[in-house]
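K.L.:
Mind looking at a prediction? Sequence and model below.
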Amino acid sequence: MPTEHRGIYAAPLMPMREDLSADLPKYILHCRTLLEADCQGLMPIGSTGEAHSFTVDERIETMDALAASGLPTERMLIGTSALAYPDTIRLVKHAIGIGAGGVCVQPPFYYKPAETVGLLDFFSRVIDGVNDTRLRLYVYDWESNLNVHHSLDFFNRLFEAYPDNAVGIKDSSGVADMLEDRCRAFPDKDVLAGTDGMTLTCLRAGGNGAMSGISNIVPDVTTALYAGFESEQGDMMQARVGEIRTAMGDLPWFSALRATMAWLSGDPSWCNARPAIRRLTDAETRTLEDSLTKIGLTPARLAAE
């Protein structure tokens, strides 16, 4: 049965201290702020949260902090990807244990599964290893970054083999035709865009919404897009998302998102990131802030004046 996670699932940035340890109190506050901004849910410990820069133990500590916070874990689709499938199983089991609404799992991307059979073997071992009827797994496809292709045949075979446990797709391909094909091929599964530029495409093709990085800085825009996706409001808000992304130019996405968060909030610690994500240079930061100002974004300290 579909789990029907619909809407905007914000993918929270992970704030870090100067020593690059996770600032979990600030993280919880940020997660709470995103939900209070009317995001339907969260996708914690994913790519925007720089999950692969953190150890399994650190990610489990983050899950425990989420569970202890009182935030609704049933509204969380938690990232549980790891190269070694036993690590994935451990992360998935912990996410289920804290009551997560679902988990998002990337394929192994170092020793790449070149054929459908390799992908099926990996996901089957994870699902069988977890062995829990509560498991709701979303395949996290980011082909342009991981260079692993997920065919419709793969999804058909996975969904047929595990109809209750394999429940959806996070499509971060950024390819409209492929996203539309998946939405239409699997109407009984949850298909969510993993790139903000494809939110409207996903919704209008019958998909569920988006797991959204840009919601860290403009949740009002992304939630308005979802609320009005059938009307002109959806087009206007999708265009606004595109305008913001264009203002960020060709800067590295995660670096630019952190710099924007720091500028809007007035908290420079948002620029802290583990290697190999880098800080923007002073010149890049000035250019970014000028571009964002021209399209009407305003830091909180200025808006309050």
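P.N.:
Here it is on my side, so go on.
K.L.:
From residue 247, how far off is residue 133?
P.N.:
Between residue 133 and residue 247 the distance is 46 Å, computed by CB to CB, to the nearest Å. C-beta coordinates here come from the backbone N, C-alpha and C atoms, glycine included.
K.L.:
what about the helices in the stretch 201-305 of the chain?
P.N.:
Taking DSSP state H, counting those that start in this stretch as the criterion, the stretch 201-305 of the chain carries its helices at 219-227, 232-247, 253-265, 282-294, 300-303.
K.L.:
got a markdown table for those, with mean neighbour count and mean pLDDT too?
P.N.:
Compiled in a markdown table, those are given as follows (neighbours: other CB atoms under 10 Å; pLDDT from 0 to 100):
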| stretch | mean neighbour count | mean pLDDT |
| --- | --- | --- |
| helix 219-227 | 21 | 98 |
| helix 232-247 | 16 | 98 |
| helix 253-265 | 21 | 97 |
| helix 282-294 | 15 | 97 |
| helix 300-303 | 10 | 58 |
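K.L.:
so can I have TSV of the ones you listed showing distance to residue 84?
P.N.:
Formatted as TSV, the helices of the stretch 201-305 of the chain follow (distance: least, CB to CB, whole Å):
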stretch	distance to residue 84
helix 219-227	34
helix 232-247	34
helix 253-265	24
helix 282-294	36
helix 300-303	42
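K.L.:
quick one: which of the ones you listed is nearest residue 81?
P.N.:
helix 253-265 (16.1 Å; CB to CB).
K.L.:
Now tell me what touches the closest one from outside.
P.N.:
Outside of helix 253-265, the residues within contact range by CB atoms under 8 Å, 6 or more residues apart in numbering are 13, 48, 50, 213-214, 216-217, 248-249, 251, 267-273, 277-280, 284-285, 288-289, 292, 297-300.
K.L.:
so it versus helix 232-247, what angle?
P.N.:
With axes from the mean of the first three to the mean of the last three CA atoms, to 10 degrees applied, the angle from helix 253-265 to helix 232-247 works out at 110 degrees.
K.L.:
what's the angle between helix 253-265 and helix 282-294?
P.N.:
Using the same axes, to 10 degrees: helix 253-265 against helix 282-294 is 60 degrees.
K.L.:
Restricting to C-alpha, output helix 253-265 in CSV.
P.N.:
What follows is helix 253-265, C-alpha atoms only, in CSV (Å, rounded to 0.1, in the frame of the first residue of the first chain):
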residue,chain,number,x,y,z
TRP,A,253,25.3,24.2,-4.8
PHE,A,254,25.9,23.2,-1.2
SER,A,255,28.4,26.0,-0.7
ALA,A,256,26.0,28.5,-2.1
LEU,A,257,23.1,27.2,-0.1
ARG,A,258,25.1,27.5,3.1
ALA,A,259,26.3,31.0,2.2
THR,A,260,22.8,32.1,1.5
MET,A,261,21.5,30.6,4.8
ALA,A,262,24.3,32.4,6.6
TRP,A,263,23.5,35.7,4.9
LEU,A,264,19.8,35.6,5.4
SER,A,265,20.0,34.5,9.1
